[in-house]
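Sequence isn't available, so here's the structure alone:
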């Protein structure tokens with residue numbers, strides 16, 4: 001079974017650059033404290049790396 005990651009949007013994007021804003025939107029976040037469960041693969045790890053200071057990540 002493939003591993004999954006629970007990504008929670010925990011800090012505001014205000015003051016962030018456009019790349020960070022686009023990454024948060026591509027996860028599907030529109031409000032703080034929302035969570036998404038995503039596959040643990042290189043694409044999502046790269047996206048998380050861009051906004052690591054804005055999200056919390058847990059293994060599911």
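Arrived safely. The shown structure was predicted, so the numbers you read here are calculated from the model rather than taken from an experiment.

tell me the contacts of residue 22?
Residue 22 makes contact with no residue, according to C-beta atoms under 8 Å, 6 or more residues apart in numbering. C-beta coordinates here come from the backbone N, C-alpha and C atoms, glycine included.

Could you list the low-pLDDT ranges of the protein?
Scanning the chain for pLDDT under 70 picks out 1.

which residues of it fall in strands?
4-9, 35-39, 55-59 (DSSP state E).

from these, which stretch is densest packed?
Each of the strands of the chain was given a mean neighbour count from mean count of other C-beta atoms under 10 Å, and the largest, a mean of 17, is that of strand 4-9.

That one pairs with which strands, parallel or anti?
For strand 4-9, the paired strands and their directions (DSSP bridges) are strand 35-39 (antiparallel), strand 55-59 (antiparallel).

so what's the spatially closest residue to residue 53 that is not a sequence neighbour up against?
With C-beta to C-beta, 6 or more residues apart in numbering as the criterion, residue 53 has its nearest non-adjacent residue at 6.8 Å, and that residue is residue 11. For residue 11, the residues meeting the contact criterion (C-beta under 8 Å, 6+ apart) are 32, 53, 54, 55.
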